[in-house]
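Participant: Show me the folded form of this:
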Amino acid sequence: MSMNGAALVPRIGPARMARLKRLLFVAARVILLALFLVAALLPLYWVVVTSLKGGREIYAFPIRYLPERFNLENYAYLFKISNFQLYFRNSVFVSLMGSAGALFISMLSGYALSRFRAKRVRLMFLLGMYFTQIIPTYMIMTPLYSFLAQLGLSDNLMTLSVIYIGMMIAFSTIMGSGFFAMVPVSVEEAAQIDGCSRFQALFQIVVPLVLPGLAAIFSFAFVNIWNELFLAVMFMSSEQHMTVPAALNSFISKAGVSWGVLSAGIVVALLPTLIVFAFAQKYIVVGLTEGAIKE
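Facilitator: Predicted coordinates:
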C-alpha cells in the first residue's frame, strides 16, 4: 500500500524545477521592486494630498488619505501672498546659469583631459579634481563669504551662479572626460585633414557624438543646483534673492508651520526637475550606459 502511494506522488523533473526556481526568483524581484516603488512614491503622494487639504483636514484624526474636496487655497496663498514667483524665477536663473556654465567649462576641460597623452599629467589633474571634492564645503564658506562681502559681491544671484559653476566643474569634468575618451582620435584627425581646425573638429564633429553624455551632465548639474540649500541660505541674505529651497526653509523656520502651504511649495519645486528628466531621460540613459558611442 505504501509502495503504491509513493508511486502516485509525481516527481518534479530538472527542467520543471529550474522553471519553478526562475518563477520564484522573478516573483521575489517583482515584490522587492514593488516595495521600493511604494517607499519612493508614498512621500510624494502624501505631499500632493496634503497640499490639496484644508487646515482642519491636515490635522484631522483619524488620518484621511484623500481630501474631502480638492482645495487649491494653499497654491493661491503660495503665489499671491508669499511672493513665490520671485523665488521660482531666482532658482530658474541660477540653475540655468550654473548648469550651462559648468557644462561649457567641463566640456572643454573634459575634452582636454581625455586627450592628455602624458599619463602623469592626467593622473595629477584627476587627483586635483578629486581633492576638491573631498574638502568639506563648510571649511571654505566662511573665508569665501568674507572675501565676497569685501568686494561687495555677496547677496548677488550672479555670484551664486558662479559659485555653483565652481561646485559642479570637478564632477562634470570627470564625467565628461569619460564620454570624450570613447570618441576615437582618428575621427578628429580625419576632420583636420579635411581642413577643420581643432576647435571646429571639437564643436562640429566630436560634440554631436557625445550629446547624450552632455545632456546627462547638464541634467545632473541642473537638479543638484536646483535642490541646493546651504549656499543659497548663506550667500543670499535678502528676500528678493531667495531661491525656492531657501524659501521653503524659511516657511519651516518661522513660528508655526503651515503644512499645506509648505506641501504646495514642495510640489511646485518638484516640477522643473520632473520636466528636465522627462525630456532628457532618453539622453541620460544612453549617455550613462553606452557613453554615446558604439564601438
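
Participant: Now do the domain split for the chain, please.
Facilitator: Following the TED database, one gets these domains for the chain: 18-59, 82-291.

Participant: excluding its backbone neighbours, what's nearest Gly213?
Facilitator: Nearest residue to Gly213, sequence neighbours excluded (C-beta to C-beta, 6 or more residues apart in numbering): Phe179, at 3.4 Å. From N, CA and C alone the C-beta is placed, and that goes for glycine too.

Participant: Could you measure from that neighbour over to Leu86?
Facilitator: In this view, Phe179 and Leu86 are 37 Å apart by C-beta to C-beta, to the nearest Å.

Participant: So if I had to pick from those two, which one is more boxed in?
Facilitator: Phe179 (27 against 14; other C-beta atoms under 10 Å).

Participant: The more buried one against Val207, yeah?
Facilitator: No. Using C-beta atoms under 8 Å, Phe179 is not in contact with Val207, being 10.1 Å away.

Participant: any idea of the pLDDT on Val30?
Facilitator: Per-residue pLDDT puts Val30 at 92.

Participant: so where's the stretch 1-150 of the chain uncertain?
Facilitator: Applying pLDDT under 70 to the stretch 1-150 of the chain flags the ranges 1-13, 117-118, 122.

Participant: before we move on, back to that, residues that sit against both of Phe179 and Val207, list them.
Facilitator: Here Phe179 and Val207 share the contacting residues Leu214, scored by C-beta atoms under 8 Å, 6 or more residues apart in numbering.

Participant: got the contact list for stretch 252-271?
Facilitator: 44, 47-48, 50-51, 53-55, 58, 73-75, 77-78, 82, 84, 88, 91, 226, 244-245, 247-248, 251.

Participant: And Thr137, how close does it get to Ser95?
Facilitator: From Thr137 to Ser95 the distance is 18 Å (C-beta to C-beta).

Participant: Which of the contacts of stretch 252-271 are buried? Put it as a ChimeraX command.
Facilitator: Here is the ChimeraX command that picks out the buried ones among the contacts of stretch 252-271, judged by 16 or more other C-beta atoms under 10 Å:
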select :47,50,51,53,58,74,75,77,78,82,84,88,91,226,244,245,247,248,251
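
Participant: Remind me what the strand or helix carrying Arg29 packs against, helices and strands.
Facilitator: Following DSSP states H and E, one finds Arg29 within helix 14-51. Contact here means 3 or more C-beta pairs under 8 Å, 6 or more residues apart in numbering; DSSP states H and E; on that basis helix 14-51 packs against helix 259-290.

Participant: and the angle for the helix it packs on with helix 14-51?
Facilitator: 140 degrees (axes from the mean of the first three to the mean of the last three C-alpha atoms, to 10 degrees).

Participant: from the chain's centre, how far out does helix 259-290 sit?
Facilitator: Put simply, helix 259-290 sits 8 Å off its chain's centre (C-alpha atoms, centre = their mean, to the nearest Å).

Participant: cool, stretch 95-106 as well?
Facilitator: Distance, centroid of stretch 95-106 to centroid of chain: 14 Å (C-alpha atoms, centre = their mean).

Participant: correct me, but Ser154 touches Ser238?
Facilitator: No. Under the criterion of C-beta under 8 Å, Ser154 is not in contact with Ser238, lying 10.0 Å apart.
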